[in-house]
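> Return atomic coordinates for the entry below.
(chains A and B, ligands or ions: 2)
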Amino acid sequence: MESTAIFEIFLSVLRFAAPLILAAMAGLYSERSGIIQIALEGFMLFGAFVAAASATHFGSGFAGLFCAVGFGIVMGLFYGFLVIQLKTDQIVSGTAVNMLAWGGIPVVSKMLFDVTSKTPAIDASERLPQWFPIVLALAVVAVTYFVIKKTPFGLWLTVAGEKPEALLAAGIRPSSVRWASLMITGAVAGLGGAILSVCLASSYTRNMTAGRGFMALAGLILGKWRPIQACGACILFGVCEVAQLKLQGTVFPLIGTVPGQLVQILPYVITLWILAGVVGESRAPSKLGQS
Amino acid sequence: MSSSLIEFSHVTKAYGALLANEDLCFRVSKGELHAIIGENGAGKSTSMKLLFGLESVTSGEIRFKGAPKKWNSPRGAMDAGLGMVHQHFMLSPVHTALDNVILGREFGHSKAKATRLLPSLGLIDRVTIRRDLESLSKSAGFNIPWDEKVENMPVGLQQQLEIAKLLYAGVDVMILDEPTAVLSPDETETFLQMMKNLNQQGRTIIIITHKLKEVKSIADHITVFRRGKSVASVPKQDVSIQDMADLMVGRHVNLGEIKRSANTPGESLLTVESLTLGRAGTKNKLSDISISVKEGQIVGLAGVEGSGQTDLFNTILDPRRFSKMTDGRQVINILGRDGDTLTASDIRRLPIGVVPADRLREAVLPDESLLENDLLGHDHEFASWAVLGGQWLDRRSAKGRLLNELKTFDVRPSDPDAKLGGFSGGNQQKFVMARELSRNPKLILCAQPTRGVDVGSIEQIHGELIARRDAGAGVLLISSQLDELMALSDIIHVMFEGRIVASFKRGEFDEGKIGVAMGGGGR
Ligand SMILES: Nc1ncnc2c1ncn2[C@@H]1O[C@H](COP(=O)(O)OP(=O)(O)OP(=O)(O)O)[C@@H](O)[C@H]1O
Ligand SMILES: [Mg+2]
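Ligands and ions are numbered 1, 2, ... in the order given. Sure, this is the predicted structure:
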């Protein structure tokens, strides 16, 4: 009895963490290659919407995932066009992509479904199982770890973010590496959004990412831009989230009930606290934002 | 005659109106150790960038093995068997030595790929590569720690790593752009010996350098550049060091001793008394250092890199911050002021000239114009208080002043609006000297003043420092060039592991004795 309860809690932590982990891995590819990625929120939101819309259209949850990945790649290319081709400021362009998602999706939603805030519910039989996102997220972490540590592309990626001149001198164009990494970012972030709407819920609702893209970025920084550590940070956020759900409404001795908002800021307080002291210096890729 | 491997034929390279190379002609034979010398900005680096495919030729032709070269990118050049070590290190500091070497060649030689498991799966086989690298180390005489991050390696090893990159890629033509500029005399010797060996193994080596002694000792053939053209291309035995210097500059250069007045040192400008720097429990960075710089005196600091010269230099520039790291006793006095009361910005407002060793990091902003850089730390000189009592920069007079300064110190091109990063290395250094010396400082702190500078400009910079000394200024000089220290200093202190282990007065200078002290011996 006890152990199944703990297992339940464990699962709910991972369920909450899975989209965060995917988004953090997505961000990792572009940030390690030297491109600031604050558009994760927008990428995820697009992913969630495209997945839900295409899942209802095709009547298949998997079709939803595929479309979200495809659209994510397109968004990655669009972002690459802005920051690599046109060399615009990465923070500004990232914000623009986020705003495009916040403002653009309701418009398209209105055109397609005649409501701005919600897509039709997906058939219960077509929803993907709840364990799926967890396995998917952990698999992406493992693959990312492997790519960074063991493959030539991983090496190029990290050199592009640290000393692009060295990469060029070795005969590889840093911009090509960045294009590729942005496509991966788009695909994985799209996937992160998609599992929100077709696995963890049964439809897209307005702003359903609720800041997860930014939280994933915090997880990435907390994890020092490394796959395993960033995954750990996202799981920590999951723990905080589950803790705050359990703590809400609990009556403490002496204090009474704690306001929900106070409990909700727990993950952010912990991030600040850890960044300030516990993990020590967290060094960003040195060419981050300068490409 | 058809044995020439590389041939520049009437090559011109224009950057806008500026001709970096103009009608350049010379040839390099197979198996040769070919030195290229020339003044700063003569177009040496540019010509090699053209050959390596980093830049494209404006007109003319570069021929390789008798036919026009086919590549237009570094990748193509590497596939044709060329490799280049650039003037600035092309290494990623946070990656290991091993990762830097295999970058772009992750599977080693293509033959190996098919037979090994990991490469055939598209993965890097670091264990096998390590083994290959170790045998390469042995045959070339490297002692590179392959698993160490580059940022933790001394520059001498970093330079070896650059060479290892080329050998691992299997090049037979090596292009080296000022490879010894940042090396200590010891490291230089090791490095040059290594180059000789590689040359004897049959590789063609093209080396750009400002150190004419090196050229004389290792090169087979010498090409001299002047203002974008080749003015001579001769076998080594046909020219002396003096000839080389004169050919480069186009006038007679005085390589001998510079005349100095026989003055007696005046009042103390800088005193450091038993300075110790370090926290309890760790090894001291500086122990019990006492030096003084008087009017009309040049004080030299010798020592292998990392012996504490830089720590001493930085401590003098910001004594207050560093006093927190000691037991708090006041030990530094600058121009009659107590170091403990001086902030870094107070010090900049004293008549002090500062030339740090690492100019790109500590002295200038490469992306800004010369004018902006000239104002850096001197903005108060051009602040007028007339407008609303606020600070107003008088750019016009700043520009006028700068133009004069550039002419006096022969910085080329003397264009105040040009971006500093586009200048050749030597001209950047001359600019920093110009900025600091043109303010007539009483005290000059200067580290590696002639790093990467051509002989003509060295003569000029040395002349300038001596003239300042004769006029009563005091100079603290850090240099890794023993020649330079012995030519300029009135007294040389030798540092080793944060201590002054020996001091020599002018007239008692002895290269051997100083060298022994630098290595920690002879105490
Ligand atoms: N990218 C560039 N844009 C504009 N001008 C340039 C550029 N690169 C070089 N130059 C100019 O071309 C000239 C030749 O430069 P180069 O770097 O080849 O000189 P160098 O002989 O290598 O000098 P040094 O000994 O100081 O390294 C210089 O006047 C330099 O300012
Ligand atoms: Mg050069």
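
> Ignoring the adjacent residues along the chain, who's closest to the residue in the stretch 151-291 of chain A that ligand 1 sits nearest to?
For the stretch 151-291 of chain A, the residue closest to ligand 1 is A:Glu165, as judged by CB to the nearest ligand atom, at 13.5 Å. The C-beta positions use only the backbone N, C-alpha and C, and glycine is treated the same way. Distances taken as CB to CB, 6 or more residues apart in numbering or on different chains put B:Met90 closest to A:Glu165, at 5.6 Å, once the chain neighbours are dropped.

> Would you check how far apart the one you found and B:Glu162 are?
7 Å (CB to CB, to the nearest Å).

> Compare neighbour counts for these two and give me the winner.
Ranked by neighbour count (other CB atoms under 10 Å in any protein chain shown), B:Met90 and B:Glu162 place B:Glu162 first, with 22 against 19.

> give the contact list for that one.
Taking CB atoms under 8 Å, 6 or more residues apart in numbering or on different chains as the criterion, B:Glu162 is in contact with B:Val85, B:Phe89, B:Met90, B:Leu91, B:Pro179.

> where's the residue of the stretch 151-291 of chain A closest to ligand 1, which helix or strand?
Using DSSP states H and E, A:Glu165 falls within helix A:164-169.

> So what touches that helix?
So helix A:164-169 is in contact with A:34, A:156, A:159-160, A:173-174, A:177, A:287, A:291, B:74, B:84, B:86, B:90-92, B:100, B:103-104, going by CB under 8 Å, 6+ apart.

> Near ligand 1, which residues of the stretch 401-523 of chain B are found?
B:Gly422, B:Phe423, B:Ser424, B:Gly425, B:Gly426, B:Asn427 (CB under 6 Å from any ligand atom).

> Let's see which of those residues end up in helices.
B:Gly425, B:Gly426, B:Asn427 (DSSP state H).

> For the residue lying closest to the first one once chain neighbours are set aside, pull up the helix or strand it's in.
Pointing back at B:Gly425 there. Spatially, and ignoring its direct neighbours in sequence, B:Gly425 is nearest to B:Gly452 (4.3 Å; CB to CB, 6+ apart). In this assignment (DSSP H and E), B:Gly452 forms part of neither any helix nor any strand.

> In contact with B:Gly452, which residues?
B:Asn40, B:Gln87, B:Glu178, B:Ala181, B:His210, B:Gly425, B:Gly426, B:Gln429.

> so A:Phe16 touches A:Ile235, yeah?
No: between A:Phe16 and A:Ile235 there is no contact under CB atoms under 8 Å: 9.1 Å.

> Can you pull the residues of chain B lying near ligand 2?
By CB under 5 Å from the ion, the residues of chain B that approach ligand 2 are B:Ser45, B:Gln87.

> okay, now the domains of chain B?
What automatic domain parsing lists as the domains of chain B is B:4-249, B:260-351+B:442-523, B:362-439.

> I'd like these written out as a markdown table, with mean pLDDT added.
Rendered in a markdown table, the data for those read as follows (pLDDT from 0 to 100):
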| stretch | mean pLDDT |
| --- | --- |
| domain B:4-249 | 89 |
| domain B:260-351+B:442-523 | 85 |
| domain B:362-439 | 83 |
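
> From the residues of the stretch 401-523 of chain B next to ligand 1, keep the buried residues only.
Listed as buried from these are B:Phe423, B:Ser424, B:Gly425, B:Gly426, B:Asn427; burial here means 16 or more other CB atoms under 10 Å in any protein chain shown.

> Kindly reformat these as TSV containing distance to B:Asp374.
TSV is the format used below for these (distance: CB to CB, whole Å):
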residue	distance to B:Asp374
B:Phe423	13
B:Ser424	18
B:Gly425	18
B:Gly426	18
B:Asn427	14
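
> List just the nearest of those residues to B:Asp23.
B:Ser424 (19.4 Å; CB to CB).

> Enumerate the residues of chain B near ligand 1.
B:15, B:18, B:20, B:38, B:40-46, B:87, B:422-427.

> residues contacting A:Asn98?
Here A:Asn98 is in contact with A:Ile38, A:Ala39, A:Glu41, A:Gly42, A:Leu45, A:Gly213 (criterion: CB under 8 Å, 6+ apart).

> Who's the closest spatial neighbour of it, skipping the chain neighbours?
In space, and not counting its chain neighbours, A:Asn98 is closest to A:Gly42: 4.0 Å by CB to CB, 6+ apart.

> Share the number of residues neighbouring that neighbour, please.
26.

> same question, A:Glu2
A:Glu2 has 6 nearby residues by other CB under 10 Å.

> Then B:Ser457?
24.

> who touches it in this structure?
Neighbours of B:Ser457 in contact, by CB under 8 Å, 6+ apart: B:Glu39, B:Asn40, B:Asp410, B:Gly426, B:Lys430, B:Thr450.

> cool, and A:Arg283?
By CB under 8 Å, 6+ apart, the contact set of A:Arg283 is A:Lys224, B:Val94.

> Helix, strand or coil: sort out it for me.
coil (DSSP: H, G, I helix; E, B strand; the rest coil).

> pLDDT wise, what is it at?
At A:Arg283, the pLDDT value in this model is 75.

> Can you name the two of the contacts of B:Ser457 that sit furthest apart?
Farthest pair in those (CB to CB) is B:Asp410 and B:Thr450. Separation: 14.1 Å.

> which one of the two has more residues nearby?
B:Thr450 (25 against 15).

> so the more buried one, which of the three states?
Assignment for B:Thr450 (three-state DSSP): coil.
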